[in-house]
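Undergrad: Quick one, fold the following:
(one chain, ligands or ions: 2)
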Amino acid sequence: MQFKDLNLREELLRAVSEMGYDEPSEIQSQAIPVLLDQRDIIGMSQTGSGKTAAFGLPLLNQLEPLDNRKTKALILCPTRELCLQVAGEMRKYSQYLPGIRVVSVYGGQEISKQIQDIKRGSDIVVATPGRLLDHLRRRTLRLDNCSTVVLDEADEMLNMGFLDDIKDVFSQLPEERQTVLFSATMPKEIRELAEEILNDPAHVKVKNKTLTVESIEQIAYQVQPRQKMELMVQLLELYDFKSTLVFCNTKKMVDELTSYLNKEGYKAMALHGDIRQERRTSIMNQFKNKDFNLLVATDVAARGIDVDRLDLVINYDLPQENEYYVHRIGRTGRAGESGVAISFYSPRQEFVLKGLEKLTKQDIARRDLPSQRELSDLTVKLVEKEVQDGLLSAADKSQHVISELLSLGYSREELLFGLVSKLVGENSMKSLEPVKKAGRREGGKRNFVTISIGLGRKHGIKPGNLIAGIADSTGIRGDDIGKIKISERSSTVEIPKGEEKMVIETLSQTKINGKIPYVSIVKAERSDRGERSDRRSRKPRSRKG
Ligand code: ADP
Ligand code: MG
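TA: Numbers count the residues shown, from 1 in each chain. Ligands and ions are numbered 1, 2, ... in the order given. Okay, the predicted model is just below:
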């Protein structure tokens, strides 16, 4: 099929041809005729299959650019990154349609700038749900004339907790409209939402290209979340990988891991959506040119990366969607080269690994954490390297300093022992505790910190959900969790003191009952001598003194 067979306006055909599109992708040839026929669509296809043009071209084809103060089409996207990307593509497609204004509206940018932007005309609004609602509340944007609505990457929006916002937006849209829903996966929540907002939709589905991961060796390490950074360094030292791409689920984690690695002396760089586009391009080019060999990125930011001879991908966080896993690890082992993919996981994430094995139809080898033996061999190697560096640099003053030290009465053996001990101290790594043994000290006093989790009865939360969610993601055992209180919209949970930072960070990117909660500290500390009041009663221990 050709684009010209699709009954699209000349102006659009010209634009896509100039963009170098030779023929429509599969999702485009399926969806465009249906959408031009005014029907609703529920579409499923993987990233990179060309969905933007699949909904964008028919949308533009039927747009009447008469009064551009009225918003005629709305495209909802999960992230600011995607908003900008989709808005950019829409502008390119519409470059020969005069007078069409595309504006993007997303959180994190000054609202006053957006208001001005909207005032200049907003035929098409590309928005994240939260910020869009902000504008609707302020009445800086109205949807009464909006006759086409697209939910792009719907599963991702639900993952980010936008379901209620989306419903709120739809309550403000005209009944008479065309609705398009695209999603890479179709979990139950999406099908339910589709039932609510779509009218007799056509189903289009493009089969996933079978992704080849056979040439990739897949490895997984079970590790306590708080020891992931240390494990990372151990693996980087134990295995001599050249080009390595590390994936984290959040920008914050990307930043933290990158600065940790920098502190440990690695030349690592971060790549995520908060970094300016120019800088991102420059970082990617440097990585491609092998100016540095350790890149830490989020999924979205890593999208455009196409690097030859990437020999290792590390899933520092397991991806939130299994599909991402294949995209992530598929970046290594290209063009017949072999590659390695290493994933970190918590005990309760074992089932995620099983799912990934099913998806890739390959085994993922569970490896033990580096042993004491491996680590001490490593120390020898690192100290040897330092000695070699020392010999190579051969500072002029060395001989003099040695003579002076000898004359102070040190023997050669003592000097050697003292210096090597110092180097060993600087170059040893402690072996990490396997997760299973991370038990609680029986009998001792336990100190708790109370955290608040933005999920409550309203969200169907029961203590078991919280315990499972925390245990799953953080590796803290249910036994080590203190009192739990659940109220209407939020809950509080006592967690072992010292773990709060890790727990808050981890939970802020973990779905509990399908939602990613807002988590914060409410109370600094409470100590407990082994009693527990809420969930299980335990005989109070007798106290001495
Ligand atoms: P998706 O939304 O499905 O992830 P995109 O719409 O972002 O995919 O498209 C992925 C890339 O493919 C973009 O760079 C886009 O410009 C390009 N593309 C889309 N359709 C075609 C086509 N028919 N021919 C060539 N390239 C295309
Ligand atoms: Mg897309």
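Undergrad: All the helices of the stretch 201-350 of the chain, residue numbers only.
TA: 228-238, 251-263, 277-288, 322-329, 350-360 (DSSP state H, counting those that start in this stretch).
Undergrad: Neighbouring strands of the lengthiest strand in the chain in the sheet, and parallel or not?
TA: Assignment by DSSP state E gives strand 519-528 as the longest strand of the chain. Using DSSP bridges, the strands paired with strand 519-528 in its sheet are strand 446-453 (antiparallel).
Undergrad: can I see the domain layout of the chain?
TA: The chain breaks down by automatic domain parsing into domains covering 3-205, 216-370, 373-427, 442-537.
Undergrad: Any part of the longest one near ligand 1?
TA: Yes. For domain 3-205 and ligand 1, the contact criterion (C-beta under 6 Å from any ligand atom) is met by 21, 24-25, 28, 47-53. In this view, the C-beta of every residue, glycine as well, is placed from N, C-alpha and C.
Undergrad: Export these to JSON lines and append columns for distance to Ser403, secondary structure and neighbour count.
TA: Formatted as JSON lines, these follow (distance: C-beta to C-beta, whole Å; DSSP: H, G, I helix; E, B strand; the rest coil; neighbours: other C-beta atoms under 10 Å):
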{"residue": "Tyr21", "distance to Ser403": "76", "secondary structure": "coil", "neighbour count": "16"}
{"residue": "Pro24", "distance to Ser403": "80", "secondary structure": "coil", "neighbour count": "22"}
{"residue": "Ser25", "distance to Ser403": "75", "secondary structure": "coil", "neighbour count": "17"}
{"residue": "Gln28", "distance to Ser403": "79", "secondary structure": "helix", "neighbour count": "27"}
{"residue": "Thr47", "distance to Ser403": "67", "secondary structure": "coil", "neighbour count": "14"}
{"residue": "Gly48", "distance to Ser403": "67", "secondary structure": "coil", "neighbour count": "10"}
{"residue": "Ser49", "distance to Ser403": "72", "secondary structure": "coil", "neighbour count": "19"}
{"residue": "Gly50", "distance to Ser403": "74", "secondary structure": "coil", "neighbour count": "17"}
{"residue": "Lys51", "distance to Ser403": "74", "secondary structure": "helix", "neighbour count": "26"}
{"residue": "Thr52", "distance to Ser403": "73", "secondary structure": "helix", "neighbour count": "23"}
{"residue": "Ala53", "distance to Ser403": "76", "secondary structure": "helix", "neighbour count": "25"}
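Undergrad: picking up where we left off before, in TSV: the domains of the chain, plus mean pLDDT.
TA: Shown next, in TSV, are those (pLDDT from 0 to 100):
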stretch	mean pLDDT
domain 3-205	92
domain 216-370	87
domain 373-427	89
domain 442-537	79
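Undergrad: between these, which one is nearest to Pro434?
TA: Pro434 lies closest to domain 216-370 among the domains of the chain, at 6.1 Å (C-beta to C-beta).
Undergrad: Check the gap between the closest residue in space to Ile329 that isn't next to it in sequence and Lys113 for me.
TA: Excluding the flanking residues, the one nearest Ile329 by C-beta to C-beta, 6 or more residues apart in numbering is Ala341, at 3.8 Å. To Lys113, Ala341 is 41 Å away according to C-beta to C-beta, to the nearest Å.
Undergrad: what about those two, which has more around it?
TA: Ala341 (27 against 9; other C-beta atoms under 10 Å).
Undergrad: beta partners for the more buried one?
TA: Taking DSSP bridges as the rule, Ala341 bridges to Gln218, Val313.
Undergrad: That one contacts Gln218, correct?
TA: Yes. The pair Ala341 / Gln218 is scored as a contact, 5.0 Å apart, by C-beta atoms under 8 Å.
Undergrad: For Tyr518, give me its contacts.
TA: Applying C-beta atoms under 8 Å, 6 or more residues apart in numbering, we find Tyr518 in contact with 453-454, 508.
Undergrad: between those, which has the most around it?
TA: Ile453 (27 neighbours).
Undergrad: wait, doesn't it sit right on Pro517?
TA: Yes. If you go by C-beta under 8 Å, Ile453 and Pro517 touch, sitting 4.8 Å apart.
Undergrad: where do the contact lists of the two overlap?
TA: In contact with both Ile453 and Pro517: Leu507, using C-beta under 8 Å, 6+ apart.
Undergrad: quick one on the thing from earlier: of all the helices of the stretch 201-350 of the chain, which lies closest to Ser411?
TA: Closest to Ser411 of those is helix 228-238 (C-beta to C-beta; 32.6 Å).
Undergrad: Ligand 1 versus Lys455, what's the distance?
TA: Check again: residue 455 is Leu, not Lys. 31 Å (C-beta to the nearest ligand atom, to the nearest Å).
Undergrad: what residues are up against Lys51?
TA: Contacts for Lys51 (C-beta under 8 Å, 6+ apart) come out as 27, 43, 45, 152, 182.
Undergrad: my guess is the first one meets Ala54, correct?
TA: Same thing as Ile27. Yes. Contact status for Ile27 versus Ala54: in contact at 4.8 Å, counting by C-beta under 8 Å.
Undergrad: between the two, who's got more neighbours?
TA: More crowded of Ile27 and Ala54, by other C-beta under 10 Å: Ala54, with 29 against 22.
Undergrad: pretty sure the more buried one is in a strand, no?
TA: No. Using DSSP: H, G, I helix; E, B strand; the rest coil, the assignment for Ala54 is helix, not a strand.
Undergrad: going forward, begin numbering at 58 instead of 1
TA: With the count now opening at 58, the last piece we talked about shows up as Ala111.
Undergrad: Now do it against Met101, distance only.
TA: For Ala111, the distance to Met101 - C-beta to C-beta - is 12 Å.
Undergrad: shared neighbours, these two?
TA: Phe239.
Undergrad: on that earlier part again, tell me the contacts of the residue nearest to Ile386?
TA: 273-276, 369-372, 385-386, 389.
Undergrad: Glu233 too?
TA: Contacts for Glu233 were tallied using C-beta under 8 Å, 6+ apart; they are Ser204.
Undergrad: element containing it?
TA: Under DSSP states H and E, no helix or strand contains Glu233.
Undergrad: Which phi and psi values does the residue of the stretch 158-307 of the chain found nearest ligand 1 adopt?
TA: Per C-beta to the nearest ligand atom, Asp209 is where the stretch 158-307 of the chain lies closest to ligand 1, at 6.9 Å. For Asp209, the backbone dihedrals (degrees, to the nearest 10) come out as phi -100, psi 140.
Undergrad: Hmm, Leu131 and it touching each other?
TA: No. Asp209 lies out of contact with Leu131 (C-beta under 8 Å); the separation is 10.7 Å.
Undergrad: thinking again about what came up before, go through the helices of the stretch 258-407 of the chain and pick out the most buried.
TA: Highest mean neighbour count of the helices of the stretch 258-407 of the chain: helix 379-386, a mean of 21 (counted as mean count of other C-beta atoms under 10 Å).
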